[in-house]
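Participant: here is my input; please provide its structure:
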Amino acid sequence: IKPSSPTILIGLGGAGSKIVKRIYKQVVDQYGGESNVSNVACLCIDTDRAEVRDVSGRQKGFLIAGFNKNEFANLKRGTGLKTIIEDKTFTQWAHPWYQFRNTGGVGAGQIRLVSRLAIYYYLNAGQAEKNLRNFLLKPIMELLDSKNNLADSELKVMNIIICGSVAGGTGSGSCIPVGFLVKNLVKEQGWSANVNAYLSLPTMFEKNITNLNQFTDICANGYAALREIEELMKAKTFTDDSTSKNLRFYFDPEQKSLEVDESPFDFVYLIDKSPEVTLDLNWQNYVADTIFLQHFAAKMYEVQQSDYDNYEKNQKQLSRDMYSLFYGSFGASAMVIPEEALVKGCTYYARKIVFTDLLGVEKIDVDIDGLSEGERFDKVENEWLKNVFEKVTQAKRDEKNYGNKKLDQKQKRVMKIFRNIGVQPD
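Facilitator: Next up is the predicted model:
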């Protein structure tokens, strides 16, 4: 992707925050420091206080916890006080029978309704620094500031990358409202937002869960989140008259309509694994590296955009106005070239040829039993150097005592090579 394309990385929950932090670090490293990436912002939103605190540099964190959930819910439901009228935009999605936990700052407990409530609460917040809308709007305005000469104002498209999971409560409950909210905020500035969501499925966390009942609950939570996402992604379903479906979804106290006429995301990537695959604890790093390559490696981005155009064209006829097809998954493999080891090995091999050809050094038997690979290499190399020293010393002695004419051809070539590279064979 062009460095000039304004991009916001948004991490939801613990897994999502880890992923966007790593992507941001990769971008900063690629362009030589934060001062060179003023067109990229990194935001972390979580119900866990520890994750929000763990930000540095220009990364920003927002805690959606620390308020009395039941008190706020009852206020919106109009219960307890006769003077309070029920807020039907709230009770549309908050079940009247559900009692929220009042623990704060320790996560959403795999309950997606908790983070949905928290998003709604912090969009209601009166204090500017505690208002989620202001938190999201500030980096948008900074990226679009006319003083930011990296902002590409020709296309007027801002890239939004949302990372989270549908296993825990934070990501599964907040991804849809955040997707809609950031789209609207960008649109208010006269730009459009291209929102890609990367959502990890419960299977990615299976290794860390020993309680089968808990994993069953997490899968149920993920299924419910995906059903809701699929329903709202239908707004992108192609129809013959190219119109979008209006779907009922309320997420913002300032929302003027109870319906939405677009999807929360332009594309959703579902992060999954085969049952045969065993993941280590660094799997979030692998996801982050793949997203980085996908969005910030120019050649890959161009190829992907070309593929996407073909995908959209071919899938239109399959949609039949019944379901969304804007889903995908991805993977990446890398061939890591051990540059240092290759250079060292090639140098050793070339030197071996030179020694054998020029100096007459034959194969040397070295006892390397019980040594590590590095120790074996060093011991063999030292033996070669010892032989080189002996051969060169002999050639120099012969040259001094008998003159150049007394040297054999191999000795002459060795002395010439040393002198040609500016090294006196002393």
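Participant: what about the helices in the stretch 201-350 of the chain?
Facilitator: Per DSSP state H, counting those that start in this stretch, the stretch 201-350 of the chain carries helices over the ranges 212-233, 283-296, 298-319, 339-354.
Participant: neighbouring contacts of the last one?
Facilitator: For helix 339-354, the external contacting residues (C-beta atoms under 8 Å, 6 or more residues apart in numbering) are Phe377, Glu381, Trp384. From N, CA and C alone the C-beta is placed, and that goes for glycine too.
Participant: mind naming the longest helix for this structure?
Facilitator: The single longest helix within the chain, with elements called by DSSP state H, is helix 373-402.
Participant: pLDDT of it, averaged?
Facilitator: Average pLDDT, helix 373-402: 73.
Participant: for it, which helices and strands make contact with it?
Facilitator: For helix 373-402, the packing partners by 3 or more C-beta pairs under 8 Å, 6 or more residues apart in numbering; DSSP states H and E come out as helix 339-354, helix 409-420.
Participant: circling back to that earlier point, what's the least confident stretch among the helices of the stretch 201-350 of the chain?
Facilitator: helix 298-319 - the lowest mean pLDDT of those, at a mean of 64.
Participant: and Ser192, what pLDDT?
Facilitator: 90.
Participant: my guess is it meets Asn184, correct?
Facilitator: No: between Ser192 and Asn184 there is no contact under C-beta atoms under 8 Å: 11.1 Å.
Participant: ok, those two, which is more surrounded?
Facilitator: Set side by side, Ser192 and Asn184 show more neighbours around Asn184, with 18 against 14, by other C-beta atoms under 10 Å.
Participant: so that one, which of the three states?
Facilitator: Following DSSP: H, G, I helix; E, B strand; the rest coil, we place Asn184 in the helix state.
Participant: and what of Asp369?
Facilitator: Asp369 - assigned by three-state DSSP - is coil.
Participant: next, count neighbours for it.
Facilitator: Neighbouring residues of Asp369 were enumerated by other C-beta under 10 Å; the total is 6.
Participant: distance of it from Glu142?
Facilitator: Going from Asp369 to Glu142 by C-beta to C-beta, to the nearest Å gives 63 Å.
Participant: do Glu230 as well
Facilitator: Noted for Glu230: a distance of 34 Å to Glu142, by C-beta to C-beta.
Participant: between these two, which has more neighbouring residues?
Facilitator: The neighbour count for Glu230 versus Glu142, taken as other C-beta under 10 Å, is higher for Glu142 (16 against 13).
Participant: gap between that one and Cys44?
Facilitator: From Glu142 to Cys44 the distance is 17 Å (C-beta to C-beta).
Participant: and if you look at Phe249?
Facilitator: Distance of Phe249 to Cys44, computed by C-beta to C-beta: 24 Å.
Participant: so which of these two has more stuff around it?
Facilitator: Regarding Phe249 and Cys44, a neighbour count based on other C-beta under 10 Å identifies Cys44 as having more, with 27 against 21.
Participant: what's near enough to touch the more buried one?
Facilitator: Per C-beta under 8 Å, 6+ apart, neighbours of Cys44: 10-11, 16-17, 20-21, 51-52, 55, 59-62.
Participant: now do Ala224: how many residues are near it, please.
Facilitator: By the criterion of other C-beta under 10 Å, Ala224 has 15 neighbours.
Participant: separation between the closest residue to it other than its chain neighbours and Ala94?
Facilitator: Closest residue in space to Ala224, ignoring its immediate chain neighbours: Arg112 at 6.9 Å, by C-beta to C-beta, 6 or more residues apart in numbering. To Ala94, Arg112 is 12 Å away according to C-beta to C-beta.
Participant: when these two are compared, which one has more neighbours?
Facilitator: Arg112 (23 against 18).
Participant: looking at the more buried one now. What's its pLDDT?
Facilitator: With respect to pLDDT, Arg112 scores 83.
Participant: wait, it sits on Ala167?
Facilitator: No: with contacts counted by C-beta under 8 Å, Arg112 stays clear of Ala167, the gap being 10.1 Å.
Participant: residues shared between the contacts of these two?
Facilitator: Asn221.
Participant: state the pLDDT value of Lys156.
Facilitator: pLDDT, Lys156: 83.
Participant: number of residues surrounding it?
Facilitator: By other C-beta under 10 Å, 14 other residues sit near Lys156.
Participant: and what of the one 10 residues further on?
Facilitator: Neighbours of Val166 under the rule other C-beta under 10 Å: 28.
Participant: just Phe215 next, same as before
Facilitator: Phe215 has 17 neighbouring residues, counting by other C-beta under 10 Å.
Participant: any idea how far Ala167 is from the spatially closest residue to it that is not a sequence neighbour?
Facilitator: Among residues not flanking Phe215 along the chain, Ile209 sits closest, at 4.6 Å (C-beta to C-beta, 6+ apart). Distance, Ile209 to Ala167, using C-beta to C-beta: 9 Å.
Participant: cool, and Asn401?
Facilitator: 81 Å.
Participant: what about the two, which has more around it?
Facilitator: Legend: neighbour count by other C-beta under 10 Å for Asn401 and Ala167, higher for Ala167 (27 against 8).
Participant: just say helix, strand or coil for the more buried one.
Facilitator: Ala167 falls in the coil class when you classify it by three-state DSSP.
Participant: that one contacts Phe205, doesn't it?
Facilitator: Yes: with contacts counted by C-beta under 8 Å, Ala167 reaches Phe205, the gap being 5.0 Å.
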